[in-house]
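Novice: One predicted model, sequence on top.
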Amino acid sequence: MAISAEIKEKLASKQSSMIRAMFEAGQELKKQFGQDAVFDFSLGNPDLQPPQEVLDAIGDVFREEIPGCHGYMTNAGYETTRAAIARKVSAEQGCPVSAKNVVMSCGAAGGLNTVFRGILNPGDEILVSAPFFAEYAQYCGNYGGKLVPVDCREDFSPDIEAMERAITDKTVAVIVNSPNNPTGAVYSDADMVGLVQVLKRTGRNLWLIADEPYRDILYDGAKVATLFDKYSHSVIVSSFAKNFGLPGERLGFVAVNPVAKEDGDELVAAVIFATRSLGFVNAPAFFQRVIEKAVDAKTDFSVYEKRRAALMKILDDCGFEYLRPKGAFYIFCKVPDGGDDVEFCDLLKSHRILAVPGVAFGKRGYFRLAYCVSEQVIVSSEKAFKEVAATLNVGN
């Protein structure tokens, strides 16, 4: 047998990634019809340039002549970079965090994998509000764990009562993602207070893991709820992929709430061990030094806001239903007349529109559009969307 039976089964069932599969289908369509004739809303690949402070820091670090600057460092990352991240998290969470509570990671995905490796025993479960980022299930499965989706409320907020009913003796953590991929929902402070109360009632110090790569991308006055001031066993995992437009540089971090004390110290040690033993070894040295210099840089997200408005207008004109996203750069739309989301995305593809079916995010009957694309792509897609709407007699 050339590969493992588990991986072979997942590849055959296309569980590896519907998002990537649609993106790759788009690449083939572009070769066939031309770049401008394909409207690719499949992949959340930010296209904004990094802020000038980041570009300047890249130049500064490039010109630095520091002996050993391209060598190994401690698996947790540079102490000075961890301190810079700790200051950032302290300001966001409203409570003091020190460098010893931070581990640099290879993106948020690498950070999540190290956390899951650190907390999961075979058969353990992690709860998540559905819809959710599809790769969470793969990350849990990497270490013998199981992701347990819990249906959200109609407004895509977590159903706190359903979460409480879903907790079992096997539950070790809950993961929250706000702003959310794929819905763009931003979970309220009240939702997080309710979830924390549920976790406290278990008496078991379950971990609350916040995946926050979209934390800075907010609209309409929305705010991301703090966790460190609410719950001792909370963990922040994030990156500089989405806010600074650096997804390919693979730099992220894990920050563990210092209020967790001994359990938190143990988790930090486990994350450091997992960073080494999983083969990450350490986060990229060059970009640790870049981010240390530019951690407080700000990106102008008004471009995304303008694109959101343009895409919503097209969807409104076509009669497609959706909830207005408050963050990130996704719109999660209902498939007309309760149709099959995979079939509907195939119909979109026949009109050279690339979208991802909701089943990829644990929510059938929906499709996701990523508007981190040029405004020209959005404007040019209008005719194709209207053709699809006419085909299905939507809005009439």
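Specialist: Perfect, thanks for sending it.

Novice: what's the spacing between stretch 259-273 and its chain's center?
Specialist: 23 Å (CA atoms, centre = their mean, to the nearest Å).

Novice: Name the residues of that stretch that are buried.
Specialist: Under the neighbour-count criterion of 16 or more other CB atoms under 10 Å, stretch 259-273 has 259, 260, 264, 267, 268, 270, 271, 272 buried. Glycine gets a C-beta too; all of them are placed from N, C-alpha and C.

Novice: for the fourth one, what are its contacts?
Specialist: By CB atoms under 8 Å, 6 or more residues apart in numbering, the contact list for residue 267 reads 115, 118, 119, 207, 235, 256, 260.

Novice: Could you rerun that using 7 Å?
Specialist: Neighbouring residues of residue 267 by CB atoms under 7 Å, 6 or more residues apart in numbering: 118, 256.

Novice: try the second one
Specialist: Contacts for residue 260 (CB under 7 Å, 6+ apart) come out as 232, 233.

Novice: Let me know the pLDDT of it.
Specialist: As predicted, residue 260 sits at a pLDDT of 97.

Novice: So it lies in a helix, does it not?
Specialist: Yes - assessed by DSSP: H, G, I helix; E, B strand; the rest coil, residue 260 belongs to a helix.

Novice: Excluding sequence neighbours, find me the nearest residue to residue 239.
Specialist: The shortest distance from residue 239 to any non-neighbouring residue, by CB to CB, 6 or more residues apart in numbering, is to residue 252 (3.4 Å).

Novice: and that neighbour, how many neighbours?
Specialist: 25 (other CB atoms under 10 Å).

Novice: Test my guess that it contacts residue 108.
Specialist: Yes - Residue 252 lies in contact with residue 108 (CB atoms under 7 Å); the separation is 4.4 Å.

Novice: Common neighbours of the two, please.
Specialist: Joint contacts of residue 252 and residue 108 (CB under 7 Å, 6+ apart) are 237, 238, 239.

Novice: Could you find the closest non-adjacent residue to residue 322?
Specialist: Residue nearest to residue 322 in three dimensions, not counting chain neighbours: residue 333, with 4.2 Å by CB to CB, 6+ apart.

Novice: who are the neighbours in contact with the residue lying closest to residue 90 once chain neighbours are set aside?
Specialist: The shortest distance from residue 90 to any residue other than its chain neighbours is 4.6 Å, reached at residue 97 (CB to CB, 6+ apart). Contact partners of residue 97, counting by CB under 7 Å, 6+ apart, are 86, 89, 90, 255, 258.

Novice: Find the least confident helix or strand in this protein, judged by mean pLDDT.
Specialist: Of the helices and strands making up the chain, the lowest-confidence element is helix 18-33, at a mean of 70, by mean pLDDT, DSSP states H and E.

Novice: what distance separates the helix or strand following it from the middle of the whole chain?
Specialist: Heading C-terminal from helix 18-33, the first helix or strand you meet, by DSSP states H and E, is strand 39-40. The chain centroid and the centroid of strand 39-40 are separated by 21 Å under CA atoms, centre = their mean.

Novice: Could you do stretch 350-360 as well?
Specialist: Distance of stretch 350-360 from the chain centroid (CA atoms, centre = their mean) equals 19 Å.

Novice: try stretch 208-222
Specialist: Put simply, stretch 208-222 sits 10 Å off its chain's centre (CA atoms, centre = their mean).

Novice: which residues make contact with it from outside it?
Specialist: With contacts defined as CB under 7 Å, 6+ apart, stretch 208-222 is touched by 108, 112, 115, 173-177, 179, 181, 186, 199, 224, 227, 231, 233-239, 241-243, 299, 301, 304-305, 308, 326-329.

Novice: hang on, the earlier thing: what about the residue nearest to residue 322, is that helix, strand or coil?
Specialist: Quick answer, by three-state DSSP: residue 333 is strand.

Novice: what's the burial count for it?
Specialist: By the criterion of other CB under 10 Å, residue 333 has 22 neighbours.
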